[in-house]
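Undergrad: Next input, structure requested:
(one chain, ligands or ions: 1)
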Amino acid sequence: MSRSAHPAGPRHADVLPEGHWTAPATDLNALDEKVWSRTVTRDADGALTVGGIEVARLAEEFGTPAYILDESDFRARCRAWADAFGADADVFYAGKAFLSRAVVRWLTEEGLNLDVCSGGELATALDAGMPVERIAFHGNNKTVAEIERAVSVGVGRIVLDSFQEIVRVAHIAQSLGKRQRVQIRVTVGVEAHTHEFIATAHEDQKFGIALAGGQAAEAVRRALTLDGLELVGIHSHIGSQIFDMAGFEVSARRVVQLLAEIRDEHGVELPEIDLGGGLGIAYTSEDDPREPHEIAKALGDIVTRECESAGLATPRISVEPGRAIVGPTAFTLYEVGTIKPLEGLRTYVSVDGGMSDNIRTALYDAEYSVSLVSRTSDAEPMLVRVVGKHCESGDIVVKDAFLPADLAPGDLIAVPATGAYCRSMASNYNHALRPPVVAVRDGRARVIVRRETEEDLLRLDVG
Ligand code: LLP
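TA: Below you'll find the model as predicted:
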């Protein structure tokens with residue numbers, strides 16, 4: 001994803017430009033339910049609670065920074081996706097957004113499938129007992145060892161990403177005496193980001209095999225001749241943080257067109273299509289994500305219509321939401337350390353984490369919201385930039401937001417919608433210790449990924 005194409009939009013100047021969406025909310029204490037997980041509320045004293053537990057208690061017991069994950073919200077979102085798509089379709093949670101053994105167990109219990117894209121994600125899934133036939137294995141350069149493991153344990157599907165991989169997987173499957181179910185990932189010529197919808201420059205990327213120039217058709221031709229492979233479908237993933245269904249519409253139309261060509265050339269109707277993930281969530285009050293049932297209906301209608309007009313039976317549809325499931329279910333809890341007002345500009349609020357627990361702001365110019373959560377305040381709003389403790393001026397967590405002017409060191413603030421691509425992209429930069437993930441549910445909190453310790457760091461450093 002290129003910097004300039006990312007939904008977060010271009011970097012702007014140091015002061016808030018006129019007309020920028022960020023304006024002081026009429027009530028800084030209000031919690032917009034679009035960006036907070038579902039059990040978040042304020043108690044009678046004004047402190048934020050989640051799953052019935054007050055944040056101060058969480059901070060005391062688990063320390064800060066910490067990712068606080070609302071388990072019942074996660075499970076509810078899984079069920080909403082599964083119900084929306086129904087028995088004739090499959091929902092694969094994209095583990096890259098955030099994966100842990102507890103998450104795998106929740107997915108298993110809630111009836112979802114799992115998309116993994118590395119040996120590490122596969123190992124986590126297997127260790128936590130995800131039924132192997134419910135696992136899809138992705139990646140543009142899977143190693144031979146990864147493919148061997150995936151094939152030998154019997155994953156439900158491998159998504160082939162290149163011409164080399166078609167032969168590689170076929171050979172490995174054959175030498176293990178297996179026939180592997182596979183899909184071919186095609187690039188349909190659509191790159192969609194939020195409101196943008198760019199139909200050019202699409203082949204210029206590392207993923208998949210282009211539909212253009214008959215390449216995907218050639219890949220299908222080859223896959224169909226190889227004994228080690230059972231080609232079951234075509235896969236397409238068009239981008240990230242997408243709100244507009246138009247990109248999916250074009251993608252589905254082009255994939256169905258390919259299915260029709262395959263039928264005409266080979267006399268086979270492939271039974272599956274996967275339309276990938278990429279559905280957007282609300283990071284700020286400005287974002288308006290769609291509900292799973294709207295997405296399911298839109299995708300189902302498009303595929304049915306296109307198949308009818310091509311004279312094909314409707315294939316089994318699958319989707320791979322990651323962010324849309326886990327993103328809204330967690331927030332990052334920080335303690336304010338220092339406050340530096342810059343007259344006429346903004347106030348820098350430094351927290352005890354930063355780019356090591358949320359790289360998305362630095363990497364994509366992503367927008368986030370932030371609230372004072374240990375108490376309410378009637379003070380005037382002040383324009384803040386929430387920054388971390390790393391040795392880098394680009395170490396920004398929330399670029400522009402308003403917090404009450406009486407904010408003080410020791411206050412707890414929280415950044416919502418950090419469930420996706422924050423812990424999973426966390427780093428040890430400056431030898432930071434990666435924060436824990438604490439799951440809360442019905443008044444109980446438990447660590448599902450513990451905080452790193454100096455011992456963990458030193459264990460890898462063998463001297
Ligand atoms: N399926 C495939 C094949 C993917 O490549 C991805 C994401 C997904 C599903 C899940 O997409 P989601 O529904 O979570 O948007 N680090 C970036 C996002 C990278 C996404 C890569 N692929 C970010 O923080 O925005």
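Undergrad: Would stretch 360-374 count as contacting the ligand?
TA: Yes. Judged by Cβ under 6 Å from any ligand atom, stretch 360-374 comes into contact with the ligand through R360, Y364. From N, CA and C alone the C-beta is placed, and that goes for glycine too.
Undergrad: Take that stretch, keep the C-alpha atoms, and write them as CSV.
TA: Taking Å, rounded to 0.1, in the frame of the first residue of the first chain, the C-alpha atoms of stretch 360-374 are listed here in CSV:
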residue,chain,number,x,y,z
ARG,A,360,-0.2,2.9,11.6
THR,A,361,-0.1,6.6,12.1
ALA,A,362,3.5,6.9,11.1
LEU,A,363,3.2,4.4,8.3
TYR,A,364,0.0,5.4,6.7
ASP,A,365,-0.9,8.8,8.2
ALA,A,366,-3.8,6.9,9.7
GLU,A,367,-6.3,9.0,11.7
TYR,A,368,-7.3,8.0,15.2
SER,A,369,-9.5,9.4,18.0
VAL,A,370,-8.6,9.7,21.6
SER,A,371,-10.4,10.3,24.9
LEU,A,372,-9.7,11.0,28.5
VAL,A,373,-11.0,7.8,30.2
SER,A,374,-10.0,7.8,33.8
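Undergrad: Give me the distance between that stretch and the centre of its chain.
TA: 16 Å (Cα atoms, centre = their mean, to the nearest Å).
Undergrad: what pLDDT, on average, does that stretch get?
TA: Averaging pLDDT along stretch 360-374 yields 97.
Undergrad: cool, stretch 74-88 as well?
TA: 97.
Undergrad: just stretch 428-440 next, same as before
TA: Stretch 428-440 comes out at a mean pLDDT of 98.
Undergrad: got it, and stretch 109-116?
TA: 98.
Undergrad: again, but for stretch 92-99
TA: pLDDT averaged over stretch 92-99 gives 98.
Undergrad: isn't V351 right up against H390?
TA: No. Checked against Cβ atoms under 8 Å, the pair V351 and H390 is beyond contact range at 10.9 Å.
Undergrad: Compare neighbour counts for the two and give me the winner.
TA: Counted by other Cβ atoms under 10 Å, V351 and H390 do not tie: V351 has more neighbours, with 26 against 17.
Undergrad: so what's the more buried one up against?
TA: Taking Cβ atoms under 8 Å, 6 or more residues apart in numbering as the criterion, V351 is in contact with P65, Y334, E335, V336, G337, V386, V387, G388, K389, V397, I413.
Undergrad: What is the burial count for the third one?
TA: Burial measure for E335: 17 neighbouring residues, criterion other Cβ under 10 Å.
Undergrad: Quick check: closest non-adjacent residue to it.
TA: Using Cβ to Cβ, 6 or more residues apart in numbering and skipping the chain neighbours, the partner closest in space to E335 is T64 (4.5 Å).
Undergrad: Isn't the one you found up against D411?
TA: No. Using Cβ under 8 Å, T64 makes no contact with D411, being 11.0 Å away.
Undergrad: overlap in contacts of those two?
TA: E335.
Undergrad: got a list of what the residue in the stretch 101-250 of the chain that the ligand sits nearest to touches?
TA: Nearest residue of the stretch 101-250 of the chain to the ligand: H237, at 3.8 Å (Cβ to the nearest ligand atom). Counting by Cβ under 8 Å, 6+ apart, H237 makes contact with R185, F207, G208, L275, G276, G277, G278, E320.
Undergrad: And L407, by the same measure?
TA: Counted by Cβ under 8 Å, 6+ apart, L407 has contacts V336, I339, V349, L372, S377, A379, M382, V384, I413.
Undergrad: do that again at 7 Å, thanks
TA: Neighbour list for L407: V336, I339, V349, L372 [criterion: Cβ atoms under 7 Å, 6 or more residues apart in numbering].
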